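Asker: heads up, no residue letters with this:
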């Protein structure tokens, strides 16, 4: 049952509200306002200086029309949904090997996205972006080790794993 707090008691903590106010204002300005502006401008034909005309969902149709980007999004969502459907019941059945199933979606999407981004960056920037996938594999190994063995043992070996991940860059 919720606890009743009177207005008089709330006003007695005005100094605490002064500490929270700057953070709340900054979050509003730098997080909520840009998000609301992006949602608003997504439905308009906009050239960067002023909003011209309302086009509705045409921008989304143009972005997600039958293109390679649509397939990328669809595959990512299918992998994520499959991992959620399989991983959630298995997590309840027991922790041992089923903990790996709960991260299949996230790692699959991460690997798929990293491969796509690495390919795009390689086409545009050349050989400079070849290291991108190797750091991701160090993360995959670290998460896998953490899920397979008990968490206490994994915490003790974290220093060695960090060194191993660092060596992937060389």
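Answerer: Ah, there it is. Here the structure is a predicted model, which means the values were calculated and not measured.

Asker: Show me what the mean pLDDT comes to for the lengthiest helix in the chain.
Answerer: Scanning the chain for the longest helix, with DSSP state H as the assignment, gives helix 68-93. Averaged over helix 68-93, pLDDT sits at 70.

Asker: Does anything pack onto that helix? Which helices or strands?
Answerer: helix 58-64, helix 104-125 (3 or more Cβ pairs under 8 Å, 6 or more residues apart in numbering; DSSP states H and E). Every residue, glycine included, has its C-beta placed from N, CA and C.

Asker: can you list the domain ranges for this structure.
Answerer: For the chain, automatic domain parsing gives the domain ranges 7-61, 66-167.

Asker: first vs last residue of the shortest one, how far apart are they?
Answerer: Spelled out, that is domain 7-61. 49 Å (Cα to Cα, to the nearest Å).

Asker: what's the burial count for residue 80?
Answerer: Counted with other Cβ atoms under 10 Å, residues neighbouring residue 80 total 15.

Asker: now residue 68
Answerer: 8.

Asker: Over to residue 73?
Answerer: Neighbour tally, residue 73, other Cβ under 10 Å: 13.

Asker: correct me, but residue 63 touches residue 69?
Answerer: Yes - with contact defined as Cβ atoms under 8 Å, residue 63 counts as touching residue 69 (6.9 Å).

Asker: Residue ranges in this structure under the pLDDT threshold?
Answerer: For the chain, residues meeting the criterion pLDDT under 70 lie at 1, 66, 87-170.

Asker: Please repeat the previous calculation with a cut-off of 80.
Answerer: 1-2, 5, 10, 47-52, 63-77, 79-170 (pLDDT under 80).

Asker: do you know how far residue 29 is from residue 36?
Answerer: Between residue 29 and residue 36 the computed distance is 11 Å (Cβ to Cβ, to the nearest Å).

Asker: I meant residue 82, not that one.
Answerer: From residue 82 to residue 36 the distance is 33 Å (Cβ to Cβ).

Asker: between those two, which one's more packed in?
Answerer: Under the criterion of other Cβ under 10 Å, the comparison of residue 82 against residue 36 puts residue 82 first, with 14 against 11.

Asker: Please report how far the more buried one lies from residue 76.
Answerer: 11 Å.

Asker: Give the residues shared as contacts by those two.
Answerer: Counting by Cβ atoms under 8 Å, 6 or more residues apart in numbering, no residue touches both residue 82 and residue 76.

Asker: State the distance from residue 19 to residue 12.
Answerer: 15 Å.

Asker: for residue 53, that is, sorry about that
Answerer: Taken as Cβ to Cβ, the span from residue 53 to residue 12 is 52 Å.
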